[in-house]
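**Q** Everything below, folded, please.
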Amino acid sequence: FQGLILLEILLKKKSMNNLLLLDKNLKDLFYKKDPFRVVEELEGKIYREYANRVTKEFNLNNQRYFVKYHKEVGWKEIFKNLIQFKLPVIGAKQEWIALNKLKSHQISCPEPVAFFSRGTNPAKRYSFIITKALINTISLEDLLIKEKKVLSLNKKRELIERLALLSRRLHLNGINHRDFYLCHFHILKEQDFSKGKIFLIDLHRAQIRKKVPKRWITKDIGGLLHSAMSLGLSERDSYRFLEIYFNKSLRQILKE
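**A** Next up is the predicted model:
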C-alpha cells in the first residue's frame, strides 16, 4: 500500500526540464545543445558505470569536474525496489538537493554546479548533476585500508572525533546517507582532519526528512563501523565515537 502511494507521488511530480548552471565556465559547453547528449559524449575518465548510471571525471578550461548522469531506470527496477520496501534511485535530483542541504549546514562536500532533468515519467527520466572535483584528496578507505597508513594516537583520536561530529551534524539536520562507508569520506592528502577538511561524497541515495528515524541512524553508523572493522579499533575508540556523537558521557550513554 505504501509503495502504491509512493508511486502515485512519483507520477504526479513534475521534473525540471531546463538546465541549471551555477558555474560560468560551463555555459559555452551547453550553449544551444542537448544537455544530456553533451554529458554522454564528454571525454573523460569513467569511475563507475551501472546499468543506468555513469560517473565520469572531465576537464574544462583547466578545471576538473565530475558528472553523474542517470538514464531511464524502467518500471521493472522501480517495482522491484518498492516490493523490497526500498526507495528507488530514479535520477540526480536527490543528490542535488542533498549536496545543497549539506552546504547549508556547513558539512563539506563536492561543490554542486549544474543540474538537469528531463521527463515527467519517473521510469523514463534522464538527468545529471555536475560537481567540482575535490583536489588533492584521498578516501579514508584508500588511506587506511589499501595503503595501510598507521596514524599516530593523536591523529587517530582527532579523526574519530571529527567523524563523530560530522555524523552527528548530518543526522541532527535530517539527513541519512545510506552508503555511509569510509570510501565516501575524503580528506586532504596531507591528512588534515580539522573542521571542514573531511568531505562527504556520493549522496545519490541520501534521504532527507525533518528527523532521521532511529533505524536509518543505526544503518548509517553500522555501515561506518563495518567498513572500519579491519582497522583494529579498540573498545575505547568506539566509546570515544559515541561520546562525541551523542554529546553525552559514557556513563549516561550506557545508562540510557
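**Q** Could you pick out the longest helix of this protein?
**A** Longest helix in the chain by number of residues (criterion: DSSP state H): helix 153-172.
**Q** List the contacts of whichever helix or strand comes after that helix.
**A** Next in sequence after helix 153-172, counting helices and strands by DSSP states H and E, comes strand 175-176. With contact meaning C-beta atoms under 8 Å, 6 or more residues apart in numbering, strand 175-176 is reached by 98, 101, 102, 170, 206, 207, 208, 212, 216, 217, 219, 220. Every residue, glycine included, has its C-beta placed from N, CA and C.
**Q** Sort out for me which of those are in helices.
**A** Filtering the contacts of strand 175-176 for helices - DSSP H - leaves 98, 101, 102, 170, 216, 217, 219, 220.
**Q** what's the closest non-adjacent residue to the fourth one?
**A** Residue nearest to residue 170 in three dimensions, not counting chain neighbours: residue 107, with 6.3 Å by C-beta to C-beta, 6 or more residues apart in numbering.
**Q** tell me which element the one you found falls in.
**A** Residue 107 belongs to no helix or strand, assigned by DSSP H and E.
**Q** follow-up on the earlier one: nearest to residue 158 among the ones in helices among the contacts of strand 175-176?
**A** residue 170 (18.6 Å; C-beta to C-beta).
**Q** which residues touch that closest one?
**A** The contact partners of residue 170, by C-beta under 8 Å, 6+ apart, come to 102, 107, 176, 177, 200, 220.
**Q** And those residues, which is closest to residue 136?
**A** residue 200 (17.0 Å).
**Q** Would you list the phi and psi of the closest one?
**A** Residue 200 has phi and psi values of phi -100, psi 130 when expressed as degrees, to the nearest 10.
**Q** partner residues bridging it?
**A** residue 185 (DSSP bridges).
**Q** Quick check: the gap between it and residue 102.
**A** 7 Å (C-beta to C-beta, to the nearest Å).
**Q** what do these two both touch?
**A** Joint contacts of residue 200 and residue 102 (C-beta under 8 Å, 6+ apart) are 108, 109, 170.
**Q** Tell me the one of those nearest residue 51?
**A** residue 109 (25.8 Å).
**Q** from memory that closest one sits against residue 196, does it?
**A** No - between residue 109 and residue 196 there is no contact under C-beta atoms under 8 Å: 10.6 Å.
**Q** Just want to know which of those two has more residues nearby.
**A** Neighbours were counted for residue 109 and for residue 196 using other C-beta atoms under 10 Å; residue 109 has more, 21 against 11.
**Q** what about that one, which helix or strand?
**A** Short version, using DSSP H and E: residue 109 is in no helix or strand.
**Q** still on that earlier bit, quick check, nearest of the shared contacts of residue 200 and residue 102 to residue 190?
**A** For the shared contacts of residue 200 and residue 102, the nearest to residue 190 is residue 108 (15.5 Å; C-beta to C-beta).
**Q** how near is that closest one to residue 214?
**A** 26 Å.
**Q** So the two - more neighbours on which side?
**A** residue 108 (19 against 9).
**Q** mind listing what the closest residue to that one other than its chain neighbours touches?
**A** Nearest non-adjacent residue to residue 108, counting by C-beta to C-beta, 6+ apart: residue 199, 4.6 Å away. Shown in contact with residue 199 (C-beta under 8 Å, 6+ apart): 108, 109, 110, 134, 137, 185, 186, 187.
**Q** dump the residue contacts of the fourth one.
**A** Okay, so that is residue 134. 110, 186, 199, 201.
**Q** which residue packs closest to the first one, ignoring adjacent ones?
**A** It stands for residue 110. residue 131 (3.7 Å).
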